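**Student:** Show me how the following folds:
(chains A, B, C and D)
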4 protein chains.
Amino acid sequence: MKAKIAVLEGFKKPLVIKHFDIPPLPQGSILVKMVASGICGSDLHMVDGEDPRVPLPIILGHEGVGEIVEINGEKKDLNGDTLKKGDLIIWDRGVVCGECYFCKVLKTPYLCENRKIYGINRSFKDYPYLTGAYAEYIILEKKTEILKLSSKTDPTVLVMAGCSGATAVHAIDSLEDNLLDKTVVVQGGGPLGIFALALSKFQGAKNTILITGSSFRKEIAEKIGVDVVLDRTILKEEERINKILDMTYGKGADVVIEATGTNKAIPEGLRILRKGGTYIVVGVASPQEKVPVDFYDVSSKNITIKGVWVSDAEHFKKAVSFLEKNQDLFAPVVTHKISLDEINHGLDLVRERKAGKVVIEKF
Amino acid sequence: MKAKIAVLEGFKKPLVIKHFDIPPLPQGSILVKMVASGICGSDLHMVDGEDPRVPLPIILGHEGVGEIVEINGEKKDLNGDTLKKGDLIIWDRGVVCGECYFCKVLKTPYLCENRKIYGINRSFKDYPYLTGAYAEYIILEKKTEILKLSSKTDPTVLVMAGCSGATAVHAIDSLEDNLLDKTVVVQGGGPLGIFALALSKFQGAKNTILITGSSFRKEIAEKIGVDVVLDRTILKEEERINKILDMTYGKGADVVIEATGTNKAIPEGLRILRKGGTYIVVGVASPQEKVPVDFYDVSSKNITIKGVWVSDAEHFKKAVSFLEKNQDLFAPVVTHKISLDEINHGLDLVRERKAGKVVIEKF
Amino acid sequence: MKAKIAVLEGFKKPLVIKHFDIPPLPQGSILVKMVASGICGSDLHMVDGEDPRVPLPIILGHEGVGEIVEINGEKKDLNGDTLKKGDLIIWDRGVVCGECYFCKVLKTPYLCENRKIYGINRSFKDYPYLTGAYAEYIILEKKTEILKLSSKTDPTVLVMAGCSGATAVHAIDSLEDNLLDKTVVVQGGGPLGIFALALSKFQGAKNTILITGSSFRKEIAEKIGVDVVLDRTILKEEERINKILDMTYGKGADVVIEATGTNKAIPEGLRILRKGGTYIVVGVASPQEKVPVDFYDVSSKNITIKGVWVSDAEHFKKAVSFLEKNQDLFAPVVTHKISLDEINHGLDLVRERKAGKVVIEKF
Amino acid sequence: MKAKIAVLEGFKKPLVIKHFDIPPLPQGSILVKMVASGICGSDLHMVDGEDPRVPLPIILGHEGVGEIVEINGEKKDLNGDTLKKGDLIIWDRGVVCGECYFCKVLKTPYLCENRKIYGINRSFKDYPYLTGAYAEYIILEKKTEILKLSSKTDPTVLVMAGCSGATAVHAIDSLEDNLLDKTVVVQGGGPLGIFALALSKFQGAKNTILITGSSFRKEIAEKIGVDVVLDRTILKEEERINKILDMTYGKGADVVIEATGTNKAIPEGLRILRKGGTYIVVGVASPQEKVPVDFYDVSSKNITIKGVWVSDAEHFKKAVSFLEKNQDLFAPVVTHKISLDEINHGLDLVRERKAGKVVIEKF
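**Tutor:** Numbering: from 1, shown residues only, chains lettered A, B, ... in the order given. Model (predicted):
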């Protein structure tokens, strides 16, 4: 049996569509037929060779929902349900060792020293080859964290849970308090930012505020129920800051979440914060220039800056649960559904920030 | 100027309507004309003489919204806004000293050793007399924690924030983690229970479940968006427990919140919990018989039991903010609007559990 | 090669010394020659048939330090160090699956649904048979959590880390705040209680107080640096409570830790607590009668009761680290060093509460 | 009655000794005769005009212990003890309003918008004038947070609790977990750094490491029981980092605390941290140049940076309690005891980093 796949063979080059023999299934692993596969903003850094984790050649794609075709052994999902052929499933893109200091002692498996990631750091040259979601089939190894989905779920919406959703949950979970009566500002209206805003709403935030330069994303945010969108193409930085001060009795935001992917947003993010506030930097996903920081400001205002990177089984499961419960809310985020053959077009849509979520649904 | 008031002169007796001369305003205090005043389930214990804090005679009523008539001095609200005549305000029923070990060092002012409570532990015999909300006017002392309300808010809905709302926030705040993907069971569908359920939803809970014996309250819960109501008059304890096990892959609830007011609910509450779960006992508001507890069960299942009592400025402010943002959601909870003259009828409605929230709106 | 072992063949009967052929080593597992093996108070419940987890026949003993004789494969310790023949090691008595909801999602592996425990729930009838520490050799399976010890450590002191130490760390870790300026009362002066007291001291507690009825244990506590010992044979309950009130400006203890093994201590424990205090029930290790609890007291005082049971890799590693750093402090706790042949005498010493820690050091 | 005082009349000028009439005591306030007064490193920034909070002229000195001479009214200390003439007391340098959003709602009084600080932001021109500790007498206003000291305490040691001690407690309290098995690196061996190291030890840290360039401070640290001192004058940055990696299995420090007062330490501090570690910036007490930060590093390593500034009643009380319990440990930190007349010499000693703590004990 052959699988249609899209392969990145050289950085800054288009992915190439191929057909590839499905190899024998390793002990304990699962063959999955893809049903939906999401394009993530970070894929662009990978295509461009800016992500140091990516080997060549590679099948990219780290967000997916699929149907089980075959299980070589027995496997349960994170709820303890035994998986079987035909089940609709979603999986965590990261596979952790479960044995290192970070997994076992610190209980922070997202820091696992041996973390492997489907579609990111696994070469197409290494058996079992089919380890990315931009493909008709994927092979999930024994240690993969899986959740069975209800047949009622919309796979094109659910894919978001796998990466941006789980990472947004990690960001929100890293806050020490709940968000009742709090003002949350998110910088950047891509899927990660939108998910963070929706979560903030469902943590009871009083004000959810998006700063974006895209009128396209502004619309999506409004459908999600974001309280205020500050358009960077209309309002200058001082005006944006003043709007936020007005909404907070002159104090500033309790929480700011950087979800733009660029460190250029950081100085404004720090200015927006109230005394004692928390700045979560979750979008900076590739090496960039250093940003000058005023540490007297950080110190005298008792500011906390938290870097948040990737996610683990807990975040993943919460993201899936939240998306399943709020599918209608998130439906407008998926703005483009394409076929695997159109993958390069899909990547362009994301690059131009003219899309919410682009999802492959034909393989 | 005279104020119409309702006075409790003897336990288990009806309140008596009187007209009373408004005394000179103490330095720093505020004269408020009541706009809405809520009846709380705990008022029944007070009328019946079961609450050891209550002196006689007393003007009961500890939840209120009103309009400022006069300020003897200057006063800011919790947001730092300067208050003025004509402002619509809500206040925290508890006035704390701000100086004792619990206020200053532990930062748990709800445990303040000198806490005075409008309508609960302040005698009608003591100047300035008008210290309960079952009255046309109330006098708020200098240290009262106040929030200015928008003129758009519905005072009859907002009154809930003052007691059941703030206490429910205290319960939810006392949890160490957020509720994403969690199952929360609330025992008892009065205003406290309903508020806890709504908060759980806005902490991202996957399943919100109410156990009640009142079809009246079942309806309110469904309007609030509670996922499942288990009717005690239809399902036996074993059936209720099995329903919850079915929804949780056999594990049990992550969080159970006792909001019934009676310790009879406690054994079932403990049985419903999963290993490592948390049981919040917030409804037991009067001395009752001891309940036998299996501590091997508590220990071997790593169960946490938390008593939660009253609330403080933080909880109060969060409750007001949450109610203001979700007024429509809570509107169905207010099932009866009465006049001060009908106060004894209002108390009866609550006693018979045939009401959601009963609010006085005519004075 | 033969291993000398002590086997429990019938409840309430003496252990029987035997010699048993060491079986072939399973893939990934490690053969360890015991160097020190601790007797735990809970072993008595097991011998008496009061612990529902114990099958017959069984090699008891769940605390041990030993030397690696052979490794069938490769294995790293929790610090990432590769283990090799001759290494002095200590291991976690519990082996968890790393895959269930409690391990993966909740990150509470001490609640693992598939937890196996050396010397507690593993029958001598099941391969590889040598799964208890009351033996000359033990076989550790692949998933066992191991720490390499420095050759400078005293194995007879270190054994404590494996059970009472790790469990005491779990108790202390479960507190939300550090103990600076706090008053901690521990009920029961066995190894678990002593370890909890030492940890409290090294969490900065202002007052560490032991309640015990054993003059023997009183002496050990004083050597450990406990601030106050309240002797149950001299002071009545009211007197003990008054002493604690005197030390806390009339407020009561911030934290009480039940480490007696009997639920009879619970009513006093609850009385000792201040408003807002936390009661940790960690010693109740076998089914016992229910204890009547006043929930109005729990509620109106905002009391937290936490059951704490067993431990996980994090607690275990912290306990080992703490013991290694404070070996001299803990040396007086080991009051008896015996040979495996004297195991039944050792159990008697513990039963009569005339010992601190009894450790087997000859096999 | 006259008080001898030391006044700063112009920035970068020596303090001037004067004699000043003690004014009538305001209602509720307390006249205190100084017994010990500490010189803080931050006083140098104030003398030099680098601290924007300081008005001229001013009596500096924000750490003190004294004896009550007169109380105009009634006053209790933080434990609830009624204060009286002759009591030996220590007080919190900051006086907070207890009413603003930060005091009441966020329960972070160290962020109080109306915080007044003895010896820092209170002009000598304003009644009651005697508001700094470099004086024979100080007048404490009604809202001051006070603790009565036992007559057995050494006032020259206790003064540290008032500023560096309380701030160090704030730093340690801001950590989410306890320090069992953790490696803590402190940059800077002044009183703040030394206190942070001692606290880390009494939070159970496995490794406490000081980086300093002063052999004088190295000695003090060793007396305090610090595990390792890395001397900047001997070891280069790469060597220091390698030492720390060697002690942590190649992972880096769990917690780094900047206590140098200069932002030059920050780049090394960030490099020392392990993945998921926390960097506390507590020493940067005056405006300085910005420091370039690599946010990809912050993000991809899940690093937390926390600014910590001043302290509140909780931190203050914990610091006093900790110092009282460990007076002998801290005695070597006080290296110089001087008279008020020698204040300018004392400031020079601190400026040249040739002192531990310099304390005025003669007035």
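**Student:** Stretch A:94-108 spans what distance, first to last residue?
**Tutor:** One end of stretch A:94-108 to the other measures 13 Å (C-alpha to C-alpha, to the nearest Å).
**Student:** got the residues of chain A near chain B?
**Tutor:** Within chain A, the residues that sit near chain B (C-beta under 8 Å from any C-beta of the partner chain) are A:79-81, A:169, A:172-173, A:177-178, A:180-181, A:199, A:201-204, A:206, A:249-250, A:317-318, A:321-322, A:325. C-beta coordinates here come from the backbone N, C-alpha and C atoms, glycine included.
**Student:** just checking, which of those residues belong to helices?
**Tutor:** Helix and strand membership here follows DSSP state H; of the residues of chain A next to chain B, those in helices are A:169, A:172, A:173, A:199, A:201, A:317, A:318, A:321, A:322, A:325.
**Student:** May I see these organised as TSV, with neighbour count and pLDDT added?
**Tutor:** Shown next, in TSV, are those (neighbours: other C-beta atoms under 10 Å in any protein chain shown; pLDDT from 0 to 100):
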residue	neighbour count	pLDDT
A:169	29	98
A:172	28	97
A:173	18	96
A:199	27	97
A:201	21	96
A:317	27	98
A:318	28	98
A:321	20	97
A:322	24	97
A:325	18	95
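**Student:** Between which two of those is the distance greatest?
**Tutor:** Put simply, by C-beta to C-beta the two of those set farthest apart are A:201 and A:317, 20.0 Å from each other.
**Student:** Can you name the residues that contact the nearest residue to residue A:232 once chain neighbours are set aside?
**Tutor:** Closest residue to residue A:232 in three dimensions, ignoring its sequence neighbours and counting by C-beta to C-beta, 6 or more residues apart in numbering or on different chains: residue A:213, at 3.9 Å. Listed by C-beta atoms under 8 Å, 6 or more residues apart in numbering or on different chains, the contact set of residue A:213 reads A:231, A:232, A:233.
**Student:** same thing but at 10 Å, please
**Tutor:** If a contact means C-beta atoms under 10 Å, 6 or more residues apart in numbering or on different chains, then residue A:213 has A:188, A:189, A:230, A:231, A:232, A:233, A:234, A:260, A:353 as its contacts.
**Student:** Show me those residues that map onto helices.
**Tutor:** Filtering the contacts of residue A:213 for membership in helices, criterion DSSP H, returns an empty set.
**Student:** Please tell me which one of those residues counts the most neighbours.
**Tutor:** residue A:189 (28 neighbours; other C-beta atoms under 10 Å in any protein chain shown).
**Student:** which ones are touching that residue?
**Tutor:** With contacts defined as C-beta under 10 Å, 6+ apart, residue A:189 is in contact with A:197, A:210-214, A:216-221, A:224, A:226, A:229, A:259-260, A:333, A:353, A:356.
**Student:** Can you tell me which of these are buried?
**Tutor:** Applying 16 or more other C-beta atoms under 10 Å in any protein chain shown to these, the neighbour count classes A:197, A:210-212, A:214, A:217-218, A:220-221, A:224, A:226, A:229, A:259-260, A:333, A:353, A:356 as buried.
**Student:** Mind checking which of those residues are in strands?
**Tutor:** Using DSSP state E, the members of those that fall in strands are A:210, A:211, A:212, A:229.
**Student:** Would you check which pair of those residues lies furthest apart?
**Tutor:** Across these, the longest distance by C-beta to C-beta is 7.9 Å; it joins A:211 and A:229.
**Student:** Quick check: residue A:330 touching residue A:225?
**Tutor:** No: using C-beta atoms under 10 Å, residue A:330 makes no contact with residue A:225, being 11.1 Å away.
**Student:** Need the overlap of contacts for these two.
**Tutor:** Residues touching both residue A:330 and residue A:225 comprise residue A:198, with contact defined as C-beta under 10 Å, 6+ apart.
**Student:** quick one, which of the two is more surrounded?
**Tutor:** Residue environment comparison for residue A:330 versus residue A:225 gives the larger neighbour count to residue A:330, 26 against 12, counting by other C-beta under 10 Å.
**Student:** Look at that one and give its secondary structure.
**Tutor:** When states are read from DSSP: H, G, I helix; E, B strand; the rest coil, the local structure at residue A:330 comes out as helix.
**Student:** Quick one: the strands in the stretch 51-200 of chain A, in order.
**Tutor:** Secondary structure of the stretch 51-200 of chain A, counting by DSSP state E, counting those that start in this stretch: strands at A:64-71, A:88-91, A:94-95, A:116-117, A:137-140, A:146-148, A:183-187.
**Student:** Point out the most buried one among those.
**Tutor:** Among the strands of the stretch 51-200 of chain A, the stretch with the highest mean neighbour count (mean count of other C-beta atoms under 10 Å in any protein chain shown) is strand A:183-187, at a mean of 29.
**Student:** just how off-centre is that strand within its chain?
**Tutor:** Strand A:183-187 sits 18 Å away from the centroid of its parent chain (C-alpha atoms, centre = their mean, to the nearest Å).
**Student:** what do you get for stretch A:253-270?
**Tutor:** Taking the mean C-alpha point of stretch A:253-270 and that of its whole chain, the gap between them comes to 17 Å (C-alpha atoms, centre = their mean).
**Student:** What of stretch A:181-188?
**Tutor:** Relative to the mean C-alpha coordinate of its chain, stretch A:181-188 is positioned 18 Å out (C-alpha atoms, centre = their mean).
**Student:** cool, stretch A:245-264 as well?
**Tutor:** Relative to the chain's own centre, stretch A:245-264 is displaced by 21 Å; criterion: C-alpha atoms, centre = their mean.
**Student:** Identify each buried residue in stretch A:101-109, please.
**Tutor:** If you call a residue buried by 16+ other C-beta under 10 Å, then stretch A:101-109 has these buried ones: A:101, A:102, A:103, A:104, A:105, A:106, A:107, A:108, A:109.
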